[in-house]
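A.B. asks: below is the sequence, then the predicted model.
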Amino acid sequence: MMNCQGCRDDLVAYLDEELEQSMQAQVEDHLERCVSCRQEHDSLRQSYEFTETYLSSLEPSPYLWTRISAGLRGEPMPVRAPWSWLAARISNSAVAVRLAAVAILVLGVGSSWLFYHERKLTGQARQEMVQFVADWEGLDVSRVNPFLARHEHPVDELEANPFIDLHHHDIKNPFRHEER
Amino acid sequence: MKRPKTEARAEDERIGELQEWLQRSKQQDLEAFHQLYQRYSKRILNYIYRMTGSVADAEDLTQETFVSAFQNLKKLKDDGKFESWLFTIARNNVYQQFRKKQIPVGSLDAGGEEERSEYERIAAPVRDPQEEALYSELQHVVNEVIEELPEKYREVFVLSAIQHYDYKRISEIVGRSLASVKTDIHRARLRVRDRVKRYLGQSS
Ligand SMILES: [Zn+2]
């Protein structure tokens, strides 16, 4: 018959359903009879549920595949698309509107710039980009797409050259590797 | 435990599909490889993220993993091992990164927290503010508990508790014996339980 030590040693494997049937039966049999091991089992099981419930996970961002497939086609592609970190900040209210405006400029006025820097930016990639910006900002796609609609925010000040402004701005690029 | 028939059939279809994608990917078919990417990218991304603690590194290394998988796919002899193989590539990238940055294995990137909150805010479902506050506090606890695990335990914990792989698969990925994987998962689970003990009861 299984003793307490034997039961404790196998409790995690038991919860992970990794025990052979005969061992599993022995653990269950012991748990029926032993209050203290049953308590141990219950607290472990609760901790499983706890981590499962409060575990957060990342979603791959839509442009990740664009980066990968461009790399695999042997196309020149920046490690991060210029608009990626820009879109990433868009949920951040104060700079959001400003950046959204810039995003639109990137898509509209700045598209030739983009085209120059990412010559192989395909229609699909562009669409992904628009979708991505829309998702981050919580807007309908049509409100982001410069070919369908205009953003209501005034963008005159940036119209001269949006990129100079960006590079010298105090907005931190969340994707840049920094010395820590 | 015997699986119900329909489930078994769905599994067979899944394997058939997977094999087709693999075969086509080996012929450099990028469309087919995209299917593989869609199936595994989230797992790979989150595995690397948990290991490095950095969203930026997780994305870069996920990219490297899939690029190198595509380029080396012909070397994969046993298609049934694709998933483990993919994780092995991801794992190599993680350890290479540790060496490159000369980070002692297991000490996490301090910038992780800020970057992560960016993502979580986007992904979080809508709750009432109080509930939301508690929820994100407990999420924070879980994040911290995982980060604090020694690397050796953290890796198997991530693969077991987050990726839900069985011990056999985990031992394939980390290249250690089943017995040592079992021992480390056991220790990791006990540590995690001890750290979250005071929150238990209020969670369910
Ligand atoms: Zn006992």
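C.D. replies: Structure's in. What do you need? Numbering: from 1, shown residues only, chains lettered A, B, ... in the order given.

A.B. asks: pull the number of nearby residues for the nearest residue to B:Asn72 once chain neighbours are set aside.
C.D. replies: In space, not counting the residues next to it along the chain, B:Asn72 is nearest to B:Ile89; the distance is 7.8 Å by CB to CB, 6 or more residues apart in numbering or on different chains. The C-beta positions use only the backbone N, C-alpha and C, and glycine is treated the same way. Neighbouring residues of B:Ile89 were enumerated by other CB atoms under 10 Å in any protein chain shown; the total is 18.

A.B. asks: cool, A:Glu20 as well?
C.D. replies: Close neighbours of A:Glu20, defined as other CB under 10 Å, add up to 9.

A.B. asks: now it: how far from B:Ser54?
C.D. replies: 40 Å (CB to CB, to the nearest Å).

A.B. asks: likewise for B:Leu22?
C.D. replies: 30 Å.

A.B. asks: cool, and A:Arg45?
C.D. replies: When CB to CB is the yardstick, A:Arg45 and B:Ser54 sit 32 Å from each other.

A.B. asks: tell me which of these two has more neighbours.
C.D. replies: It is B:Ser54, of A:Arg45 and B:Ser54, that has more neighbours when counted by other CB under 10 Å, with 23 against 15.

A.B. asks: next one: phi and psi at that one?
C.D. replies: Dihedral angles of B:Ser54 (phi, psi; degrees, to the nearest 10) stand at phi -130, psi 130.

A.B. asks: likewise the one 5 residues further on?
C.D. replies: Comment: the main-chain dihedrals of B:Glu59 come out as phi -70, psi -50, following degrees, to the nearest 10.

A.B. asks: near the ion, which residues of chain A are found?
C.D. replies: Taking CB under 5 Å from the ion as the measure of proximity, chain A contacts the ion at A:4, A:34, A:37.

A.B. asks: sort out which of the residues you listed are buried, if you could.
C.D. replies: If you count burial by 16 or more other CB atoms under 10 Å in any protein chain shown, the buried members of these come out as A:34, A:37.

A.B. asks: ok, the residues of chain A next to the ion vs A:Thr66, which is closest?
C.D. replies: Distances from A:Thr66 to those, taken as CB to CB, are shortest for A:Cys37 (52.9 Å).

A.B. asks: helix or strand for the closest residue in space to the closest one that isn't next to it in sequence, just tell me which one.
C.D. replies: The shortest distance from A:Cys37 to any residue other than its chain neighbours is 4.9 Å, reached at A:Cys7 (CB to CB, 6+ apart). Assigned by DSSP states H and E, A:Cys7 belongs to helix A:4-15.

A.B. asks: pLDDT averaged over that helix - what is it?
C.D. replies: Per-residue confidence for helix A:4-15 averages out to 97 on the pLDDT scale.

A.B. asks: again with stretch B:78-95
C.D. replies: 93.

A.B. asks: so the residue of chain B found nearest the ion is in which element?
C.D. replies: Proximity to the ion, evaluated over chain B using CB to the ion, is greatest for B:Leu190 at 15.8 Å. Using DSSP H and E, B:Leu190 sits in helix B:178-196.

A.B. asks: determine the set of other helices and strands touching that helix.
C.D. replies: Here helix B:178-196 touches helix A:4-15, helix A:35-54, helix B:129-148, helix B:151-157, helix B:167-174, going by 3 or more CB pairs under 8 Å, 6 or more residues apart in numbering or on different chains; DSSP states H and E.
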